[in-house]
Every structure is written in C-alpha cells, then in structure tokens.
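Asker: everything below, folded, please.
(4 chains)
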There are 2 protein chains.
Amino acid sequence: MTSERILSAAQKLFEEKGFDQTSVRDIATSANVNVALINYHFQSKENLLFTVLTNSMDTTRMKLSDINKLEESSDEKLKRVVALYVSKIFDNRHYYHFVQRELANSGRQEFRDALIKVINRNSLEFRQLLEDGQKSKEFRKDADLELAMATLFGILHQTTNEVLSKRYRRAGEKDDAFRKRVEHFAYNLLLQHLKK
Amino acid sequence: MTSERILSAAQKLFEEKGFDQTSVRDIATSANVNVALINYHFQSKENLLFTVLTNSMDTTRMKLSDINKLEESSDEKLKRVVALYVSKIFDNRHYYHFVQRELANSGRQEFRDALIKVINRNSLEFRQLLEDGQKSKEFRKDADLELAMATLFGILHQTTNEVLSKRYRRAGEKDDAFRKRVEHFAYNLLLQHLKK
DNA sequence: TTTAATTTTAAACAGTCGTTTAATTTTATC
DNA sequence: GATAAAATTAAACGACTGTTTAAAATTAAA
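Answerer: Numbering: from 1, shown residues only, chains lettered A, B, ... in the order given. A predicted model of the protein is given here:
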C-alpha cells in the first residue's frame, strides 16, 4: 500500500532528522512515491506526523494494565514494570526520543495536548501499582511516588539518549550489558526508596 | 550594542520555538535590527546558535571545580553539587531543554561535537567528586558512579520539563516547594546508593 | 465494454528561508 | 574637516518549503 510506505518512510526520517528538517519531498523520495500523494493520503504534513505518533501509543498501557491485574507482590510487579519500560525504551530509543523532541517543540499545540493525554493515562497505571503497594503495606506510606516515577523515566531517558548515554557507559561495555546494568540499578534504587 | 541585542533576542526565541522554527527575520524584528546585520555580525544563523550555546557553558564547571577543592566530607560536597545543579537547571529550564533539543537534532554535527566536549568536561568534575568519596571510603567501593550521575540528571530533566513535570507535581504544590522536594529526594536517593 | 471512482503524475503555486549585494549612513582616525 | 573604516540599510538572490491543480493512468462497478 502507498499510504503504508509513506508512513514508515516518514517515521524513519522523523526519527533520524526530526520533523522540521524532514521535507515532504524527502519522504516521497524515500517511499518511492509522488510528492502529491502525501497530501492526497494525509491532507497535510502535520497530520502525517500525528498519524505516525498515535499509531503505536496504546499497547504499552494494555501491558501495564495486565501487570496490575496479576496476583503477585508489589515487588514482583515493580520488577515487571521496570523491565517493561527498559525494553520498550531501549528497543525504540530513536522513536522515544523523537516523541520527546516533538513534544518539547512548543508549536503544534493541537495534538500535543492529545499526545499528553495518552501519556498521562499510561503513567496512571504505573501510579496505581505503587499505591497498591502502599495499601498492602509493602511500600512505606511516606514514599515519594511521583519522584520515584520521575527517577525511573529519568534514568531511562538519560541512558538511551544517543549523546548523553556515552557518559554513563563503561569502557568496552556492550549494549546488552549496559541495558542489564541499568535495569538492575533502577529496580534496586526504586525498591530501596519504596521500602525505606 | 547591536550584536548583544541580536544574541539575547536569538536566545529568547530559540528557547521558545527552537532553532528551526525561528527565522532570522524573527530575530531581527525582535532585536529591532536589520536582517542583514545578523549575517554581518555572526556570518550565519548556525554560527549565531553556536555563539548562544557556548556563551554560558563554562561557569558551571568552575563552580564544580571550586566545590571539589573544599576541605569537606564527600557527603557535604555531594549536597552542594546537587544544590548547584538543581538551581542551575530549575532557574534556566527553558535554556537547558533548548540545549537538549538542539543536541538531539542530529544535524549540525560540527559543533554538536564541540558542545559535547564542554558538557563532558563538566561531568568529569562531578565524577571526580564521587571517586574521591570512594577513595576516602565514605562511599562504597562498588557503587555505580555512572548511573548515580544519570539518576541526578534524569530526575532534573524530568522535573523541569514543561510537559512531563506536571505528572510529578502534587496538587497545588508551588514551584518552590516542588523544587525543594526534588532536591531532598535526589540527594537522599544518591546518598543511600553511594553509602550502601 | 462502458462508466464511474480512485489513484497517480508532472507542473506550477505562492510563500518563506538564509544569505548577498551595493549603496548609504555613521563612527573613528588623522 | 578630510579620509578611512565600520555599521546599517533596502532590495534582491536562488533555493527550498508545503500544497494545489488539472490531466493521465489505473482500478472497480455496471
């Protein structure tokens, strides 16, 4: 299908160069398609971006919801959530940082708001898990749930950023080892805070 | 001075809209100056960006270096470094996130490399402090210094981001209270990890 | 096979971009 | 006050931007 070729070419180029630095002619060339077809199928370049962004955002929330429903200790659930986010963000780091970039570019407010809603629904699932842990007295009552979440996302943001991550890698450390180190570190750090 | 007016107008607009979405005519209008003067004084728009970025980057490293030279426990020094970064990033959050954005936009490699060098020199000062703490046996020998740094920068990145920070704020919490909460949380979290 | 709807094409649209030019004004040097 | 240097101006440059048009080609329906 033409529109699918356009979509995947657009996603690839947006991730590499950002929205502004990718022209519709770039996309058309990369998708082997006439320029006018982009507007024919997607009305505008902005709407193409919106389609790319919303195309993949909902699967994560379903996985989080599944974890919440498990009959396990909050420890175990937290371990699963950390692993979920680590693999999700490490596997799609270009896509993840592209989303961050476009969210930060304050223009395009219309769908920025739409995206924020989706993201917020996801973090509510995470928060639910932490609150359940408090209710069952596995986690301290006065643990800072908000900043615990900020810590996880912050570490993952730093360690998957193409530029910044170089500061945190050890000499000769391979991708896989680095990833595992991050996962263990984040989990233990969170657990230490949540359990006193 | 004309060139100073251009510089501050450019910094303001870059922070608000990003590099790509700011035109040289925007800058000229905002600085109340003829368009051609931008190229006359700064040769190119890119070079103007470079000037804006490097104009402020070195003061932080000097402050870090000063802290390192103090005759205090590593605990105290760490507290100072956390406070330094908290105030630096919270006070200049727009500027900080603008730098992050431009660093992530993979084009402009020439001076991206130059900027990374400056940033890396800064984090070396931070690392020095942590290593000194290990040598004096205040910090555990097997503490993960790299990821401890990633944690601090990650938390600050998340909590100062205009969009993301809303997830971490508590209802009705004022800027100052939020900032203090972040500072205490980050310091205690790092200390807990570094001291076992 | 004819007709209608959909998709693709090449070309042009109007607008903006960063930059350059050449003339003019301002400032500094003597 | 004359001369040289520096700063500013209005106008234009060519290149590229996202989008539209109208004709041609393809596909689907009858």
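Asker: where does chain A dip in pLDDT?
Answerer: A:105-111 (pLDDT under 70).
Asker: can you pull out the strands in it?
Answerer: Using DSSP state E, no strands are found in chain A.
Asker: so which bits of it are right by DNA strand C?
Answerer: A:2, A:33-37, A:40-41 (Cβ under 7 Å from any atom of the strand). Backbone N, C-alpha and C define where each C-beta goes, glycine included.
Asker: so how far is DNA strand D from residue A:189?
Answerer: 42 Å (Cβ to the nearest atom of the strand, to the nearest Å).
Asker: that residue touches residue B:151, doesn't it?
Answerer: Yes: with contact defined as Cβ atoms under 8 Å, residue A:189 counts as touching residue B:151 (6.8 Å).
Asker: what's the overlap in contacts for the two?
Answerer: Here residue A:189 and residue B:151 share the contacting residues A:151, A:155, B:189, B:193, scored by Cβ atoms under 8 Å, 6 or more residues apart in numbering or on different chains.
Asker: export those residues as a markdown table, with columns for neighbour count and distance to residue A:11.
Answerer: Converted to a markdown table, the shared contacts of residue A:189 and residue B:151 look like this (neighbours: other Cβ atoms under 10 Å in any protein chain shown; distance: Cβ to Cβ, whole Å):
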| residue | neighbour count | distance to residue A:11 |
| --- | --- | --- |
| A:151 | 25 | 29 |
| A:155 | 29 | 26 |
| B:189 | 23 | 36 |
| B:193 | 21 | 37 |
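Asker: among those, name the ones in helices.
Answerer: Using DSSP state H to define helices, the subset of the shared contacts of residue A:189 and residue B:151 located there is A:151, A:155, B:189, B:193.
Asker: now the residues you listed as TSV including distance to residue A:27?
Answerer: Output for those, formatted as TSV (distance: Cβ to Cβ, whole Å):
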residue	distance to residue A:27
A:151	37
A:155	34
B:189	43
B:193	45
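Asker: which among those gets closest to DNA strand C?
Answerer: Minimum distance to DNA strand C across these is 35.5 Å, recorded for residue A:155 (Cβ to the nearest atom of the strand).
Asker: show me the contacts for the closest residue to that closest one other than its chain neighbours.
Answerer: Excluding its sequence neighbours, the residue lying closest to residue A:155 (Cβ to Cβ, 6 or more residues apart in numbering or on different chains) is residue B:154, at 4.7 Å. Neighbour list for residue B:154: A:150-151, A:153-158 [criterion: Cβ under 8 Å, 6+ apart].
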